[in-house]
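Asks: can you look at this prediction? I've put the sequence above it.
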Amino acid sequence: MDAQTRRWFDRILEEVLQEMPPLVHQLLEQVPLHVEDHPPPKVLREHGVRFRDELCGRYTGIPLTQKSVEHSGALPDVVTIYREGILTAAADRWGQVSPQRLRKQIRITILHELGHHHGLSEEDLRELGYE
């Protein structure tokens with residue numbers, strides 16, 4: 001990914017984050033948001049994904065619905081979003097990405113991954129429109 005595209009994406013991401021409600025900001029203080037260009041090969045294998053631009057984001061951690069005292073000392077929860085996957089998902093049929101489509105896809109991806117933090121399954125998130 002070239003530096004100009006990365007800067008554009010990150011500027012739109014900042015705008016999306018500014019528009020998020022206070023509750024989302026509180027969640028992101030507890031579950032850090034990481035941004036990467038694309039997932040590493042190991043993550044692709046773990047998720048059964050063939051192409052790195054097919055994955056928009058990933059939640060790593062133990063969902064709140066499964067946490068217990070036994071999990072103290074476990075690695076922290078993290079939401080990672082992937083620029084390439086989000087840009088691909090936001091592209092129209094001609095491969096063009098508008099700022100509006102990118103904003104929407106970034107928002108969906110962040111909320112989708114935070115949903116996993118709260119124990120929602122892929123099916124739950126699909127029913128809510130966060131796929």
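Replies: Received, thanks. Residues are numbered from 1 along each chain as shown.
Asks: ok but residue 58 is inside a helix, no?
Replies: No - under DSSP: H, G, I helix; E, B strand; the rest coil, residue 58 falls outside any helix and is assigned strand.
Asks: what about it, how many neighbours?
Replies: By other CB atoms under 10 Å, the residues close to residue 58 number 20. To be clear about C-beta, it is placed using only N, CA and C from the backbone, and glycine gets the same treatment.
Asks: didn't it look like it was pressed against residue 38?
Replies: No - counting by CB atoms under 8 Å, residue 58 does not reach residue 38; the two are 11.3 Å apart.
Asks: overlap in contacts of these two?
Replies: residue 82 (CB atoms under 8 Å, 6 or more residues apart in numbering).
Asks: tell me which stretches of this structure form helices.
Replies: Assigned by DSSP state H, the helices in the chain fall at 3-19, 22-30, 41-47, 83-90, 99-117, 122-128.
Asks: got the contact list for the closest residue in space to residue 34 that isn't next to it in sequence?
Replies: Nearest residue to residue 34, sequence neighbours excluded (CB to CB, 6 or more residues apart in numbering): residue 80, at 4.4 Å. Residues near residue 80 by CB under 8 Å, 6+ apart: 33-36, 39, 57-60, 113.
Asks: how about residue 31: what's its closest non-neighbour residue?
Replies: Distances taken as CB to CB, 6+ apart put residue 77 closest to residue 31, at 4.6 Å, once the chain neighbours are dropped.
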